[in-house]
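S.K.: Got a sequence here, can you build the structure:
(one chain, ligands or ions: 1)
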Amino acid sequence: MQKLSPAQIAEALASLPGWTFEDGCLCRRYQFPSFTHAMAFFAGAGTVAERMDHHPDWSNVYNRVTVRLSTHDAGGVTQLDVDLASRMEQLAARLL
Ligand code: H2B
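M.R.: Residues are numbered from 1 along each chain as shown. A predicted model of the protein is given here:
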């Protein structure tokens, strides 16, 4: 997996509303209606991540989930991170 260029990251972000590029990662902060919704997101996105063998750095406080995506092996953001981010958007859309 090749690291994306700043221009490629900017292009990907154009179709990922709410996502930013911060500290070398794709970043998104979700606020769900409840802790239960946040846990449903963890379960769904966790299953997708495991299938992709691509794992998010993420944290949870009550109904909030902060996600940071990068490809450690590549030392930056790759297409895998863009793909996982868009899968997360699909899952979150059903819970927000
Ligand atoms: N997840 C992420 N986010 N970045 C990686 O570089 C990565 C991963 N590498 N999940 C995978 C697992 C690698 O460690 C295993 C051995 O495939």
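
S.K.: Tell me which other helices or strands the helix ranked longest in the chain touches.
M.R.: What stands out as the longest helix in the chain, according to DSSP state H, is helix 35-52. Contact here means 3 or more CB pairs under 8 Å, 6 or more residues apart in numbering; DSSP states H and E; on that basis helix 35-52 packs against strand 57-61, strand 64-69, helix 79-93. Using the backbone N, CA and C atoms, a C-beta is placed for each residue, glycine as well.

S.K.: Next, the contact list for Tyr62, please.
M.R.: Tyr62 sits next to Phe35, Ala38 when contact means CB atoms under 8 Å, 6 or more residues apart in numbering.

S.K.: Next: Ser34.
M.R.: With CB under 8 Å, 6+ apart, Ser34 has these contacts: Asn63.

S.K.: and the spatially most central residue of the chain, how far is that from Pro33?
M.R.: Centroid check for the chain by CA atoms, centre = their mean gives Ala85 as the closest residue, at 3.8 Å. Remark: distance between Ala85 and Pro33 (CB to CB, to the nearest Å) = 21 Å.

S.K.: ok, now Ala10?
M.R.: 31 Å.

S.K.: again with Leu4
M.R.: Counting by CB to CB, the gap from Leu4 to Pro33 is 33 Å.

S.K.: if you count what's nearby, which of these two comes out ahead?
M.R.: Higher neighbour count among Leu4 and Pro33: Leu4, with 21 against 10, using other CB atoms under 10 Å.
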